[in-house]
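Student: sequence? don't have it. structure:
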């Protein structure tokens with residue numbers, strides 16, 4: 001059995017608030033599935049599970065703030081091992097004696113995964129039949145009536161093989177005339193619907209697989225003219241519905257703590273260069289002229305790709321300073337500084353940015369920025385950046401010197417592309433140029449390494465067709 005714990009979603013995160021469970025106890029989950037919504041000082045984030053199995057008993061109620069690493073729920077896994085955040089650890093020694101029936105594991109693959117509290121149902125003519133949450137889910141998907149099924153497992157328990165045989169023998173159960181599958185509803189959404197008097201059958205879900213979330217219920221409630229007056233809402237409900245208002249002061253305090261520590265503990269050095277953008281801008285205009293509107297690129301896509309490839313070429317700036325030494329990052333994962341509408345900023349991660357084609361990078365950038373500003377990021381998208389990039393060109397800024405985000409060792413800044421007098425081959429003309437800056441940790445590198453990085457960015461931008 002595993003533990004789903006409060007994750008660390010950044011170097012400045014010490015605690016988080018559980019806002020909402022996205023799955024109910026007994027529901028099957030796979031590695032990478034979002035299972036909860038967590039509120040940090042900076043954003044509201046969907047957190048994924050790092051184990052596959054069945055959602056077990058929740059240990060923390062929505063609205064509760066707990067430190068990083070606190071177990072939030074149990075996850076029943078096929079291996080039966082227990083560990084934090086999906087990592088196995090040695091099992092505790094149990095007192096000597098026969099094990100409890102619910103802790104025994106079947107030896108054959110055909111046996112079902114046993115749950116802590118199996119649910120029983122009566123089968124006419126067959127006596128007592130047991131079926132766990134996973135089996136009930138498979139039966140519902142396959143259109144199998146458990147009440148009419150005889151289980152072949154120990155004690156008449158229904159197994160996966162029983163469900164598969166019944167589904168194969170009754171194909172008509174999945175015809176269009178069969179009962180439509182129920183929409184997935186998160187526990188908090190079901191509770192919110194009861195509070196607000198909202199009919200869940202009329203709510204369109206925006207979660208994974210069209211699951212109905214609490215915010216979907218709130219939106220539906222705002223359009224109900226005759227809905228009864230709701231009772232006073234809990235703190236968790238208020239925080240979930242107004243993240244920008246409640247999080248702004250906390251976000252500023254979190255940013256202040258992190259940046260104060262960075263300025264105090266990280267010995268910065270700063271470099272800048274001006275890059276001639278005539279060649280990349282001509283290439284960009286020519287490509288966009290031949291592309292549909294939805295596939296056109298912005299200069300930011302070329303700048304980001306050049307920053308990522310340069311980090312691959314100069315790995316001394318792509319990694320972390322921890323335990324008084326530098327550790328190179330495994331891959332180039334760019335943290336993109338994004339300003340939020342309610343104030344503050346967050347840095348979602350473009351993973352493997354150096355391996356993405358420019359159009360794919362542009363698409364990923366748009367998606368991340370959109371979801372960052374609507375509080376729909378996942379936990380894996382806000383941690384693990386090896387280098388941060390800030391681009392204030394769209395704000396009219398020509399030069400930006402940032403503060404390194406520890407434990408990273410560098411931050412790249414891009415300004416606005418502007419027309420300036422520029423000499424080329426002894427001739428003076430007007431060319432588009434951009435100022436590129438580097439803020440770096442002097443413990444990890446020196447100015448010569450930083451200069452090599454900026455030179456790489458310039459060279460890469462002069463060959464846009466190779467980005």
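Tutor: Great, that's in hand. Quick caveat: nothing in here was measured; it's all calculated off a predicted structure.

Student: Could you work out the end-to-end span of stretch 57-65 for me?
Tutor: Counting by C-alpha to C-alpha, to the nearest Å, you get 18 Å between the two ends of stretch 57-65.

Student: what about that stretch, distance to the chain center?
Tutor: The chain centroid and the centroid of stretch 57-65 are separated by 20 Å, computed with C-alpha atoms, centre = their mean, to the nearest Å.

Student: Go through the lengthiest strand in the chain and flag the buried ones.
Tutor: Determined from DSSP state E, the single longest strand within the chain is strand 427-441. In terms of neighbour count (16 or more other C-beta atoms under 10 Å), strand 427-441 has its buried residues at 431, 432, 433, 434, 435, 436, 437, 438, 439, 440, 441. Glycine gets a C-beta too; all of them are placed from N, C-alpha and C.

Student: Wait, the last one touches residue 262, no?
Tutor: Spelled out, that is residue 441. No: look at residue 441 against residue 262 with C-beta atoms under 8 Å: they stay out of range, at 9.2 Å.

Student: Between these two, which contacts overlap?
Tutor: Common contacts of residue 441 and residue 262, defined by C-beta atoms under 8 Å, 6 or more residues apart in numbering, comprise residue 404.

Student: The longest strand of the chain: what's the following helix or strand?
Tutor: Moving toward the C-terminus from strand 427-441, the next helix or strand (DSSP states H and E) is helix 447-461.

Student: Which elements pack onto that following helix?
Tutor: Packed against helix 447-461, as judged by 3 or more C-beta pairs under 8 Å, 6 or more residues apart in numbering; DSSP states H and E, are the following elements: strand 268-276, helix 299-313, strand 410-414, strand 427-441.

Student: Any idea which of the ones you listed gets closest to residue 41?
Tutor: The closest of the helices and strands packed on helix 447-461 to residue 41 is strand 410-414. By C-beta to C-beta, the value is 20.2 Å.

Student: Relative to the closest one, what are the paired strands and their orientations?
Tutor: strand 387-391 (parallel), strand 427-441 (antiparallel) (DSSP bridges).

Student: and the angle for the following helix or strand past it with strand 268-276?
Tutor: Reading on from strand 410-414 to the C-terminus, the next helix or strand found by DSSP H and E is strand 418-424. Between strand 418-424 and strand 268-276, the angle comes out at 70 degrees (axes from the mean of the first three to the mean of the last three C-alpha atoms, to 10 degrees).

Student: residues in contact with strand 418-424?
Tutor: Applying C-beta under 8 Å, 6+ apart, the contact partners of strand 418-424 are 274, 276, 398, 428, 429, 430, 431, 432, 433, 434.

Student: Mind telling me the two of these farthest from one another?
Tutor: Spanning the widest gap among these are 398 and 428, at 20.2 Å by C-beta to C-beta.

Student: and the gap between residue 456 and residue 361?
Tutor: For residue 456, the distance to residue 361 equals 17 Å [C-beta to C-beta, to the nearest Å].

Student: These two: which has the busier surroundings?
Tutor: Higher neighbour count among residue 456 and residue 361: residue 361, with 24 against 18, using other C-beta atoms under 10 Å.

Student: returning to that earlier point: may I see the buried residues of strand 427-441 arranged in a markdown table, with pLDDT and distance to residue 322 as well?
Tutor: Listed next are the buried residues of strand 427-441 as a markdown table, based on pLDDT from 0 to 100; distance: C-beta to C-beta, whole Å:
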| residue | pLDDT | distance to residue 322 |
| --- | --- | --- |
| 431 | 96 | 42 |
| 432 | 97 | 40 |
| 433 | 97 | 37 |
| 434 | 97 | 32 |
| 435 | 98 | 31 |
| 436 | 98 | 27 |
| 437 | 98 | 25 |
| 438 | 98 | 21 |
| 439 | 98 | 19 |
| 440 | 98 | 16 |
| 441 | 98 | 11 |
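
Student: Can you tell me which of the residues you listed is nearest residue 366?
Tutor: residue 434 (20.4 Å).

Student: what's the burial count for the residue nearest to that closest one when sequence neighbours are not counted?
Tutor: The spatially closest residue to residue 434, leaving aside those adjacent along the chain, is residue 417, at 4.8 Å (C-beta to C-beta, 6 or more residues apart in numbering). Neighbour count of residue 417, defined by other C-beta under 10 Å: 19.

Student: Now do the same contact list for residue 417.
Tutor: Neighbours of residue 417 in contact, by C-beta under 8 Å, 6+ apart: 277, 281, 299, 393, 432, 433, 434.

Student: How confident was the prediction at the spatially most central residue of the chain?
Tutor: Centroid-nearest residue in the chain: residue 378, 1.5 Å away (criterion: C-alpha atoms, centre = their mean). For residue 378, the pLDDT comes out at 87.

Student: Show me the shaky parts of this structure.
Tutor: Within the chain, the stretches with pLDDT under 70 are 11, 78-138, 140-142, 153-155, 157, 160, 170-183, 187, 208-209, 223-248.

Student: Need the contact partners of the longest helix along it.
Tutor: The longest helix of the chain (DSSP state H) is helix 243-265. With contact meaning C-beta under 8 Å, 6+ apart, helix 243-265 is reached by 11-13, 39-44, 238-239, 340-345, 375, 403-406.

Student: Any quick ChimeraX command for the buried ones out of those residues?
Tutor: Only the buried entries of the contacts of helix 243-265 go into this ChimeraX selection, using 16+ other C-beta under 10 Å:
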select :12,13,39,40,41,42,43,44,239,340,344,375,403,404,405,406
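
Student: The one helix or strand residue 286 maps to: how far from the chain's middle?
Tutor: Per DSSP H and E: residue 286 is located in helix 278-289. In terms of C-alpha atoms, centre = their mean, the centre of helix 278-289 is set 34 Å apart from its chain centre.

Student: Quick check: buried residues in that helix?
Tutor: Residues of helix 278-289 classed as buried: 278, 280, 281, 283, 284, 287 (neighbour count, 16+ other C-beta under 10 Å).

Student: just stretch 29-38 next, same as before
Tutor: Here stretch 29-38 shows 29, 33, 34, 35, 36, 37, 38 as buried, counting by 16+ other C-beta under 10 Å.

Student: what helix or strand does the fourth one sit in?
Tutor: Secondary structure assignment for residue 35, by DSSP H and E: strand 34-39.

Student: could you point out which element follows that strand?
Tutor: Downstream of strand 34-39, the first helix or strand assigned by DSSP H and E is strand 44-48.

Student: Parallel or antiparallel, which strands does that following strand pair with?
Tutor: strand 34-39 (antiparallel), strand 377-378 (parallel).

Student: Run the angle between it and helix 243-265 for me.
Tutor: Here the directions of strand 44-48 and helix 243-265 differ by 80 degrees (the same axes, to 10 degrees).

Student: got TSV for the contacts of residue 417, with distance to residue 270 too?
Tutor: Output for those, formatted as TSV (distance: C-beta to C-beta, whole Å):
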residue	distance to residue 270
277	22
281	26
299	23
393	19
432	24
433	19
434	17
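
Student: and the two most separated of those?
Tutor: Distance extremes for the contacts of residue 417: the farthest pair is 281 and 393 at 12.6 Å, using C-beta to C-beta.

Student: what sits in contact with each of those two?
Tutor: Joint contacts of residue 281 and residue 393 (C-beta under 8 Å, 6+ apart) are 299, 417.
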